[in-house]
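K.L.:
Provided below are the primary sequence and the corresponding predicted coordinates.
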Amino acid sequence: MWVGSASLGAGSRTCRRTAPAAYTGRMERTISRVARALKVAVAGLCVASCSGAGSGGSPPPPAAPTSASTPSPVAAPATAGAAAGSVPAAAAEGGRPGAANPPPRTAPADASVELRAEILRVIGNAPCRNDSQCRAIALGSKPCGGPEGYAAWSTAGTDARELDALAARYKEARQARNQRLGLVSDCAVVPEPPVRCVPAAEAGAAGRCQALPARGGPTPVTR
C-alpha cells in the first residue's frame, strides 16, 4: 500500500524507500492486535473450562433415546392374598374375603316327635278296673286327611283336657310336616277301634286299657 502521490526524480526514489516501511509497521500493529485478541479468547476458554471442572465435573451424558416400539415395564398386580394380608383359603374360595364357610344346613326339628313322646307319658300304663274307664283318642293327621291312628287311654289315670290339648298340637305338627316334606298317602278312613280293659295277670292288680282290632280287619293304632 502506498502513501502519498508519486513524484519524479529524487523525490520519487524517496517515496519508494519509505512506503514499504510504513506498510510493514501497520501490518505489524494489526498482527499484534489479532494476537492479543486470540490470547484473550484462549484465556477465556481456559477459565471457563477450569471453572466447570472444579464445580461439578463434566456435564452428564445425554439420556439414551427410548424406542417407541418397546413398552415400559408394568408392575405385576398384587394378588388378593398379598393385598389383604393372609386370607384363609376357604374365604378366597367362598367369594367374601375373610369370612368362614357357613355351617351346613340341617333339617328343621320335627316338633311332632317330642309331642308324641309327651302324649305317651301322660297316658302312661292306662290303668283300669273296667271297660268304662277306657277311651280312644285320635292321633296325627294323614296327608290325605283323617287321623293316622288311635291310642287307648284311661280316665282313671289321665286328665282328659290335658290329653286333648296335646293331641291337637300333635295333629298340627304332623300336618305342617306333611306340607313341608310334600308327603302323600292313601285316603282310606281309619276307623276308631274299640277299647277294653284287659285284666292283669296277677290277681288284684289293675288292668290296662288296650285298643282292639276294628271290624273288617286290623286297625293301625298308636298304642
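P.N.:
Sure, I can see it. As the structure is a prediction and not an experimental result, all values here were calculated from the model.

K.L.:
before we move on, what SS does Thr158 have?
P.N.:
Using DSSP: H, G, I helix; E, B strand; the rest coil, the structure places Thr158 in coil.

K.L.:
So what's the residue count around it?
P.N.:
Thr158: 20 surrounding residues under other CB atoms under 10 Å. All C-beta atoms are positioned from the backbone trio N, CA, C, and that covers glycine.

K.L.:
Now do the same contact list for the residue lying closest to Leu166 once chain neighbours are set aside.
P.N.:
With CB to CB, 6 or more residues apart in numbering as the criterion, Leu166 has its nearest non-adjacent residue at 4.9 Å, and that residue is Ile119. Residues in contact with Ile119, defined by CB atoms under 8 Å, 6 or more residues apart in numbering, are 139, 151, 163, 166-167, 170.

K.L.:
between the residues you listed, which is closest to Asn125?
P.N.:
Minimum distance to Asn125 across those is 12.6 Å, recorded for Ala151 (CB to CB).

K.L.:
Would it be right to say that Pro193 lies in a helix?
P.N.:
No. Counting by three-state DSSP, Pro193 is not found in a helix; it is coil.

K.L.:
is it true that it touches Cys209?
P.N.:
No. If you go by CB atoms under 8 Å, Pro193 and Cys209 don't touch, sitting 11.5 Å apart.

K.L.:
So for those two, which sits in the more crowded spot?
P.N.:
Higher neighbour count among Pro193 and Cys209: Cys209, with 27 against 19, using other CB under 10 Å.

K.L.:
Over to the more buried one: give its phi and psi.
P.N.:
Its backbone dihedrals place Cys209 at phi -70, psi 130, with angles given as degrees, to the nearest 10.

K.L.:
correct me, but Asp164 touches Ile137?
P.N.:
Yes. The pair Asp164 / Ile137 is scored as a contact, 7.4 Å apart, by CB under 8 Å.

K.L.:
Looking at those two, which is more packed in?
P.N.:
Ranked by neighbour count (other CB under 10 Å), Asp164 and Ile137 place Ile137 first, with 21 against 11.

K.L.:
Now do the regular element (helix or strand) spanning the more buried one: which elements does it pack against?
P.N.:
Under the criterion of DSSP states H and E, Ile137 resides in strand 134-139. Under the contact criterion of 3 or more CB pairs under 8 Å, 6 or more residues apart in numbering; DSSP states H and E, strand 134-139 touches strand 149-154, helix 160-181, strand 195-198, strand 207-211.
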